[in-house]
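> My questions concern the predicted model and sequence given below.
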Amino acid sequence: MNQIKQILLVAGVSAVTAVGSVWGYNKLTARPESSIGTTQNGAPANYAGFFDGKVTGAPAEGIDFTRAANATVPAVVHIKTRIPAKRQTNDVPRRRGGGGFFDDFFDDLMGYGPNVQPEQRASGSGVLISEDGYIVTNNHVISNGGEGVADEINVTLANRKSYKAKLIGRDPSSDLAVLKIDGNKFPFLLYGNSNNIQLGQWVLAVGYPLSLETTVTAGIVSATGRSININRRQSDSPVESFIQTDAAVNQGNSGGALVNLNGELIGINSAILAPNGTYAGYSFAIPVAIVKKIVDDIVRTGSVQRGYLGISYQPTENLSEEALKELGIPANVDGVYVADVSPDGGAYAAGIRKGDIITKVNEQVVTSGIQMTAQTVSYRPGDRVPITYRRGGKEYTVDVVLKKKTDVTTVNIGSRLGGELVTLEKAKARELGIAGGVVVRSISEGGLLGRTRMQPGFIITSVNGQAVSSVEQLNTLLGRITGSARLEGIYEGYEGTYTYPLNMQQ
């Protein structure tokens, strides 16, 4: 009996000891309670309130696209163009920069014979913006495939009524054009505000894709301020700050409307992402903030009244550190490097100089020249624009008064021609046996020099028979020419003189 009591006593003591040990260990190793994953009233504590206090997981309110769609469809028109067959004596004009990663909606539709350009027909979309028949569309929709305009432009409304359209004006830089049809009391869209659009915001794309009847697709804003360099196909001074969406668009949507859920116009559809030639999920629209200003200029004066800073810039986005060092540009440039400043331009008067790095225009961050241009496109000559630039590690902000391009007579010629130009050193000129010249260090794709057969390294020695010994002299001579110029010069290491024609009106 005593043995049984002893066994029970030992077992009890062991159990108490084990429980006590576990309890003590937990007390010693216990950590403060974490707030991660804990809940308050069914929702995680400190959780971002995406649902305005509603319980996480509750269904979102239904989104109704019908009102916006019904308001937009009557004001979006189908544009059809015709270019009659023509006998060619020279090369047939073709779109610059054909092919590539980004594609537009209006590529060549027909083949070309050896001496005859066959009749061409194409179509796109447009948007009525006034009750008396003004229509905004893309420049490439009404283009003849080159520098001109299609011979015939016809417009069909949603009610199937057709009209012959007259071109009021166009701006290849922004890929916009304004047409006019005769009549009144047309349905039209109101301008919205593209400056306050948000990522994830619902939008509708309305147009005539693939020659179908009016088509409405929905998507969200997936990015803003996009630059894709597509407008370089038709302009040496492209303007791009696209709204990127995933609303489904295809060929024929060009010039159509991008609207918000109030049915207000916030963009003109212009391009698609097409690595394989077909829509790949993203489209690009010109913000209505740019559209309004350009359309107003064209309707009032027939052309765009664009203000200029009076600087030239060196593209640095795709340059290696070695290339930047060779050009004397700091590595990791986070902004727009000022390659030159015109003494009679607004930027010079405000204190901006060569070597400065422009970081903001109108308080908007810019990292490329095309973004900088997009920020100034909504301003006219005489307007003041705040410019932020960096110099010597310090940042400054000044107001620059924009000027007309014609007033900035000494704008850097390299920027105008599309290349980097430097004065040939005197010692090098003596070595080559010439009086002097201008070295073409690099040539930009799509610029005036890029349209010739000229190669980097060419040394310009004369213009139309007049000797050239410096960039300033070249600038002065070409500034007086409004038609064709003849550039003559040499290549180091090669015999003979080379001549390149240049059209200064392009």
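Perfect, thanks for sending it.
> make it CA atoms for all contacts and neighbour counts henceforth
Will do.
> Spell out, range by range, the strands that occur in the stretch 201-350 of the chain.
Read by DSSP state E, counting those that start in this stretch, the stretch 201-350 of the chain holds these strands, from start to end of the chain: 202-207, 215-226, 242-245, 257-259, 265-273, 283-287, 311-314, 336-341.
> Deepest-packed of those, please.
Comparing those by mean neighbour count (mean count of other Cα atoms under 10 Å), strand 257-259 ranks first with a mean of 31.
> Adjacent strands (with direction) for that strand?
According to DSSP bridges, the neighbouring strands of strand 257-259, each with its direction, are strand 202-207 (antiparallel), strand 265-273 (antiparallel).
> mind checking how far the shortest one is from the chain centre?
Taking the mean of its C-alpha atoms, strand 202-207 sits 20 Å from the chain's own mean (Cα atoms, centre = their mean, to the nearest Å).
> ditto for stretch 245-261
16 Å.
> got it, and stretch 330-338?
Stretch 330-338 has its C-alpha centroid displaced from the chain centroid by 19 Å (Cα atoms, centre = their mean).
> So what touches that stretch?
In this structure, residues lying in contact with stretch 330-338 by Cα atoms under 8 Å, 6 or more residues apart in numbering are 311-316, 321, 324-325, 329, 353-360, 366-369, 372.
> one more time with 7 Å
Defining contact as Cα atoms under 7 Å, 6 or more residues apart in numbering, one finds that stretch 330-338 is touched by 311-314, 321, 324, 354-359, 366-369.
> Stretch 345-360 now?
Stretch 345-360 is touched from outside by 309-311, 335-342, 365-367, 387-391, 398-403, 408, with contacts defined as Cα under 7 Å, 6+ apart.
> related to what we said a few turns ago, out of the strands paired with strand 257-259, the one nearest Asn231 is which?
Checking the strands paired with strand 257-259 against Asn231 by Cα to Cα gives strand 265-273 as the closest, at 9.7 Å.
> how distant is that closest one from the center of its chain?
Taking the mean C-alpha point of strand 265-273 and that of its whole chain, the gap between them comes to 11 Å (Cα atoms, centre = their mean).
> Numbering from 104 from now on, please.
Yep, numbering from 104; the last one is strand 368-376 now.
> sorry, back to before: from the contacts of stretch 448-463, list just the buried residues.
Buried members of the contacts of stretch 448-463, counted by 16 or more other Cα atoms under 10 Å: 412-414, 438-445, 468-470, 490-493, 502-506, 511.
> burial measure for Gln569, as a count.
Taking other Cα atoms under 10 Å as the neighbour definition, Gln569 ends up with a count of 12.
> Mind pulling up the pLDDT for it?
At Gln569, the predicted lDDT confidence score is 86.
> And for the one 3 residues further on?
pLDDT, Ser572: 85.
> Tell me how far it lies from Glu534.
Look at Ser572 and Glu534: by Cα to Cα, to the nearest Å, they are 15 Å apart.
> Which one of these two is surrounded by more residues?
Between Ser572 and Glu534, counting by other Cα under 10 Å, Ser572 is the more crowded of the two (21 against 9).
> measure that one to Arg589 for me?
From Ser572 across to Arg589, the span is 16 Å (Cα to Cα).
> Flag the shaky bits of the stretch 304-453 of the chain, pLDDT-wise.
339, 379-381, 420-422, 426, 429-430 (pLDDT under 70).
> all helices for the protein, in order.
Remark: helices of the chain, listed N- to C-terminal, are 105-132, 169-175, 391-404, 424-430, 449-452, 472-479, 516-520, 529-535, 574-582; assignment by DSSP state H.
> Can you report how many residues lie near the nearest residue to Gly236 once chain neighbours are set aside?
Distances taken as Cα to Cα, 6 or more residues apart in numbering put Ile284 closest to Gly236, at 5.0 Å, once the chain neighbours are dropped. Neighbourhood size, Ile284 [other Cα under 10 Å]: 19.
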